[in-house]
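Visitor: A predicted structure for the sequence below; I have some questions about it.
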Amino acid sequence: MALLAGAPSLAQELRAGIWQRHDLRFQYLGFTTLYSCDGLVSKLRVLLKASGARADLQVVEGSCTEIGGHPDRFAGARLVFHAFMPAAADSSGSGLGAWRKVHIADGRPFDLSQGDCELVEQFRDLVLRKAFTTRNLTDRLVCVPHQGGRSFSLDFEVLVPTDP
């Protein structure tokens, strides 16, 4: 994946890890950008993949009041995915993991734009911090309601398997 750096070097810290399943409900609350339920599902898939979720992830429409692809003030989704986590000290884990750099910003991945700032902010708080093993998280998310056109970025390292 273009957002994740190449294979870890031999000098890089390797950790025993396991895939952990997560089943989360994501209710979007934004003021600047509204999404159709399909549009929200698509953006959440992009964010999960960029963050290192296993390829078999599922994002399904949740509570939606609008049909036919219209923007929905209450768009939601159910996220079912696996994230690579450090294995317990008394366990050998199911594989080795290493830290990979991830950069999410307007235009990276290409599916994201400046209007997605509030979504990325909520994804950081409701999904990334709760379900993924990350470090060195820095963000430039200054999402001002009703004011689009602002750049944003979110940088972090995530634990991913060395042999997916």
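Guide: All right, it came through fine.

Visitor: Show me which helix runs longest in the chain.
Guide: helix 37-50 (DSSP state H).

Visitor: which neighbours does the following helix or strand past it have in its sheet, and in what orientation?
Guide: In the C-terminal direction, the helix or strand that comes right after helix 37-50 (DSSP states H and E) is strand 58-61. When pairs are called by DSSP bridges, strand 58-61 turns out to pair with strand 76-86 (antiparallel).

Visitor: quick one, the strand it pairs with and helix 37-50 angle?
Guide: With axes from the mean of the first three to the mean of the last three CA atoms, to 10 degrees as the basis, strand 76-86 and helix 37-50 are set at 10 degrees to each other.

Visitor: Go through strand 76-86 and flag the buried ones.
Guide: For strand 76-86, burial by neighbour count (16 or more other CB atoms under 10 Å) applies to 76-79, 81-85. Yep, even glycine has a C-beta here, placed from its N, CA and C like the rest.

Visitor: now swap in stretch 119-126 and tell me
Guide: In stretch 119-126, counting by 16+ other CB under 10 Å, buried: 119-124, 126.

Visitor: Tell me which of the residues you listed fall in helices.
Guide: 119-123.

Visitor: If we only consider those, which is nearest to L44?
Guide: The shortest approach to L44 among these belongs to F123, at 7.2 Å (CB to CB).

Visitor: now that closest one, nearest residue through space, not along the chain?
Guide: L47 (5.0 Å; CB to CB, 6 or more residues apart in numbering).

Visitor: Surely the one you found touches I104?
Guide: Yes: counting by CB atoms under 8 Å, I104 is a contact partner of L47 at 7.1 Å.

Visitor: Now for these two: what residues contact both?
Guide: V120 (CB atoms under 8 Å, 6 or more residues apart in numbering).

Visitor: The chain: helices as residue ranges?
Guide: Using DSSP H, helices in the chain cover 37-50, 117-123, 129-131.

Visitor: list the helices and strands the shortest one packs on?
Guide: In terms of contact count using 3 or more CB pairs under 8 Å, 6 or more residues apart in numbering; DSSP states H and E, helix 129-131 is assigned the packing partners strand 15-27.

Visitor: Pull the residues that contact the longest helix of the chain.
Guide: 1, 3, 26, 28, 35, 55, 57, 59-62, 64, 66, 69, 71-72, 75-77, 79, 81, 102, 104, 109, 111-112, 116, 119-120, 123, 127.
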